[in-house]
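Peer 1: let's see this in three dimensions:
(one chain, ligands or ions: 2)
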Amino acid sequence: MPKAPMRVAVTGAAGQIGYSLLFRIANGDLLGKDQPVILQLLEIPDEKAQKALGGVMMELEDCAFPLLAGMTAHSDPMTAFKDIDVALLVGARPRGPGMERKDLLSANAQIFTAQGKALNAVAKRTVKVLVVGNPANTNAYIAMKSAPDIPAKNFTAMLRLDHNRALSQLANKLNKPVAEIEKLIVWGNHSPTMYPDYRFATINGQSVKELINDADWNKDTFIPTVGKRGAAIIDARGLSSAASAANAAIDHMHDWVLGTNGKWVTMGIPSKGEYGIPAEVIYGFPVICENGEYKMVEGLEIDAFSRERMDHTLNELLEEQAGVKHLLS
Ligand SMILES: NC(=O)c1ccc[n+]([C@@H]2O[C@H](COP(=O)([O-])OP(=O)(O)OC[C@H]3O[C@@H](n4cnc5c(N)ncnc54)[C@H](O)[C@@H]3O)[C@@H](O)[C@H]2O)c1
Ligand SMILES: O=C(O)C[C@H](O)C(=O)O
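Peer 2: Ligands and ions are numbered 1, 2, ... in the order given. Sure, this is the predicted structure:
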């Protein structure tokens with residue numbers, strides 16, 4: 001018997017990430033090749049944006065995806081989020097050249113207060129929420145705090161793009177297939193302060209750290225390359241990453257729902273105090289996913305270099321939180 005459709009809300013559905021994301025969801029890449037989906041698509045209440053969304057929906061229709069069991073267009077999160085199982089919160093302003101992601105806080109933070117409240121009012125209590133819109137960690141924090149009736153653990157931020165970027169940098173460095181790398185972590189904020197950490201990583205069972213054996217490359221090349229990759233793409237494309245961001249969103253939610261088979265992935269999740277990160281801070285941590293839940297990889301040794309990096313990215317998150325306090329009272 002076919003499975004009942006799952007309801008997936010996507011915000012910013014007519015934007016550039018939306019244009020890569022929706023077709024993959026409808027193709028079964030997000031929730032499985034046997035899982036029908038209903039897309040509930042949100043755009044701003046603006047004639048041009050709604051018309052563009054209509055065009056994207058015409059294209060979705062023209063693909064005749066067997067798993068696409070329905071789709072609706074919305075300009076109000078209260079209808080877009082009704083009874084949803086999954087929320088991909090993409091809709092927000094992207095940064096341009098010379099900006100940091102936290103410069104977007106004032107423009108984007110209010111979106112996530114309103115959408116958190118709407119999720120609280122109308123989404124399923126089991127809804128899984130992924131925030132992509134920047135600054136993603138703090139926006140996820142705002143949405144979580146605005147939705148007190150949904151478990152905090154259901155709110156996550158996207159660090160998977162950073163994780164995937166780090167995987168490719170290591171595979172290139174070692175001239176080995178990317179799929180052979182395991183146990184990589186990106187700690188902290190989706191910002192240049194993030195800390196990609198390969199101390200525990202293995203490639204085909206061998207220690208990546210031992211194979212590279214170059215602390216200067218780690219500090220002066222690897223960490224800054226991964227941390228500044230978003231800006232490098234904006235510089236090259238004139239626009240922020242879109243297809244790779246959509247791909248990372250698919251990876252994040254797919255793994256959360258369907259599991260990682262024991263493999264580590266990075267998710268931005270609310271801390272419960274692990275690794276000295278204060279409770280509720282949405283921070284990139286290593287997790288394993290199973291049965292629709294993520295579980296943090298705990299007990300890893302944190303050396304002095306790592307502690308400093310982890311605290312640095314934490315301090316930035318605490319500053320961002322302080323900057324949005326007025327929205328959460
Ligand atoms: N976390 C990550 O790794 C990551 C990666 C890439 C991009 N991003 C971020 O994702 C966001 C979207 O990027 P994009 O390239 O698709 O931008 P875009 O400008 O192409 O599209 C954004 C869309 O969101 C819509 N929108 C704005 N406010 C909305 C609201 N309140 N409700 C619904 N829709 C709304 C806009 O009308 C627009 O169509 C940006 O904030 C960008 O910085 C995050
Ligand atoms: O860098 C950006 O502003 C977009 C995104 O967060 C990215 O990392 O590519």
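
Peer 1: dump the C-alpha coordinates for the lengthiest strand in the chain into PDB.
Peer 2: In the chain, taking DSSP state E as the definition, the longest strand is strand 282-290. The C-alpha coordinates for strand 282-290 follow below in PDB (Å, rounded to 0.1, in the frame of the first residue of the first chain):
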ATOM      1  CA  ILE A 282      22.100  26.500  18.300                       C
ATOM      2  CA  TYR A 283      25.500  25.200  17.600                       C
ATOM      3  CA  GLY A 284      27.100  22.900  15.000                       C
ATOM      4  CA  PHE A 285      27.700  19.500  16.700                       C
ATOM      5  CA  PRO A 286      28.500  16.000  15.500                       C
ATOM      6  CA  VAL A 287      25.400  13.800  15.500                       C
ATOM      7  CA  ILE A 288      24.300  10.300  14.400                       C
ATOM      8  CA  CYS A 289      20.600  10.000  13.200                       C
ATOM      9  CA  GLU A 290      18.400   7.000  13.700                       C
END
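
Peer 1: please see if that strand touches ligand 1.
Peer 2: No. Using CB under 6 Å from any ligand atom, strand 282-290 never reaches ligand 1; the gap is at least 10.8 Å. C-beta here means a position set from N, CA and C on the backbone, and glycine is covered the same way.

Peer 1: flag every residue of the stretch 201-329 of the chain that's near ligand 1.
Peer 2: With CB under 6 Å from any ligand atom as the criterion, the stretch 201-329 of the chain meets ligand 1 at residues Ser240, Ser241, Ala242, Ala245.

Peer 1: again, 8 Å this time
Peer 2: Gly230, Leu239, Ser240, Ser241, Ala242, Ser244, Ala245, Ala248, Ala249 (CB under 8 Å from any ligand atom).

Peer 1: assess the claim that Ile142 and Lys325 are in contact.
Peer 2: No. The criterion here is CB atoms under 8 Å, and Ile142 misses it with Lys325 at 10.2 Å.

Peer 1: packing partners for the longest strand of the chain?
Peer 2: When contacts are defined as 3 or more CB pairs under 8 Å, 6 or more residues apart in numbering; DSSP states H and E, strand 282-290 packs onto helix 136-145, strand 155-157, strand 185-187, helix 243-258, strand 265-270, strand 293-296, helix 304-323.
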